[in-house]
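1. My questions are about this predicted structure, shown below with the sequence.
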Amino acid sequence: MSLAGVMSYTNDMARSTLADTELSSVLRISVMRLARRLRSERSSADLTLTQLSALSALDRHGPSTPTELAAHERVQPPSMTRVIAALEERGLVSRVAHPTDGRQVLVAVTDTARAMLLEDRRRREAWMVAHLSELTPEERAVLQAAAPILDRLAAQ
């Protein structure tokens with residue numbers, strides 16, 4: 001590759017990195033503001049975000065061992081043990097025998113927790129629907145296209 005080719009590649013990489021850095025900053029701020037706004041619509045403000053996230057994961061994925069739940073939530077097992085204990089004390093999760101391994105237990109959401117989560121989701125969905133309706137069809141299409149991309153980024 002010629003010197004001009006190397007310089008062009010270097011300049012393209014610098015521009016790409018700068019563009020990615022700028023996009024990263026804009027997305028980070030926007031996503032944080034949206035998350036903060038959605039949190040303000042929570043009906044279960046007395047739960048920590050970690051507790052609410054663990055309940056939501058159990059509701060979505062079904063009963064799990066504490067270790068599986070900790071891995072899914074990306075926290076250390078001792079931390080998840082404390083979260084589960086707090087949720088169990090409030091009657092939001094129950095422990096049931098593991099169907100194939102007598103040494104383990106599964107943690108599951110209770111009906112009380114499920115009702116609380118449904119109300120929480122209903123409030124936040126209502127807020128989103130009301131505000132999405134204020135957008136143009138083109139803006140909603142952009143968000144529809146971006147949603148799976150943001151989901152993929154969040155899963156990494």
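-> Noted; the coordinates are in hand.
2. Tell me which residues of the helix or strand where H131 lies come out buried.
-> Assigned by DSSP states H and E, H131 falls within helix 111-132. By 16 or more other CB atoms under 10 Å, the buried positions in helix 111-132 come out as A113, M116, L117, D120, R124. No exception for glycine: its C-beta is placed from N, CA and C like everyone else's.
3. Out of those, which two are the most distant from each other?
-> Every pair in the buried residues of helix 111-132 was compared (CB to CB); the two farthest apart turn out to be A113 and R124, at 16.4 Å.
4. Kindly reformat the buried residues of helix 111-132 as a markdown table and extend each row with pLDDT.
-> Below are these laid out as a markdown table (pLDDT from 0 to 100):
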| residue | pLDDT |
| --- | --- |
| A113 | 95 |
| M116 | 91 |
| L117 | 92 |
| D120 | 88 |
| R124 | 90 |
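5. Can you tell me which of these is nearest T65?
-> Nearest member of these to T65, counting by CB to CB, is A113, at 17.7 Å.
6. what's the closest non-adjacent residue to the closest one?
-> Among residues not flanking A113 along the chain, L92 sits closest, at 3.9 Å (CB to CB, 6 or more residues apart in numbering).
7. Likewise for L69?
-> M80 (5.6 Å).
8. Could you break the chain into its assigned domains?
-> The chain resolves into domains spanning 1-40, 49-109 when parsed by automatic domain parsing.
9. Deepest-packed of the ones you listed, please.
-> Highest mean neighbour count among the domains of the chain (mean count of other CB atoms under 10 Å): domain 49-109, with a mean of 16.
10. What mean pLDDT does that domain get?
-> Domain 49-109 comes out with an average pLDDT of 93.
11. ends of it, how far apart?
-> 16 Å (CA to CA, to the nearest Å).
12. Quick one: distance of it to the chain centre.
-> Distance of domain 49-109 from its chain centroid, counting by CA atoms, centre = their mean, to the nearest Å, is 16 Å.
13. what is the orientation angle of the strand or helix carrying L150 with helix 111-132?
-> Per DSSP H and E, L150 falls inside helix 137-154. Relative orientation of helix 137-154 versus helix 111-132 (axes from the mean of the first three to the mean of the last three CA atoms, to 10 degrees): 140 degrees.
14. How about residues contacting helix 137-154?
-> Here helix 137-154 makes contact (CB atoms under 8 Å, 6 or more residues apart in numbering) with V31, L132, L135.
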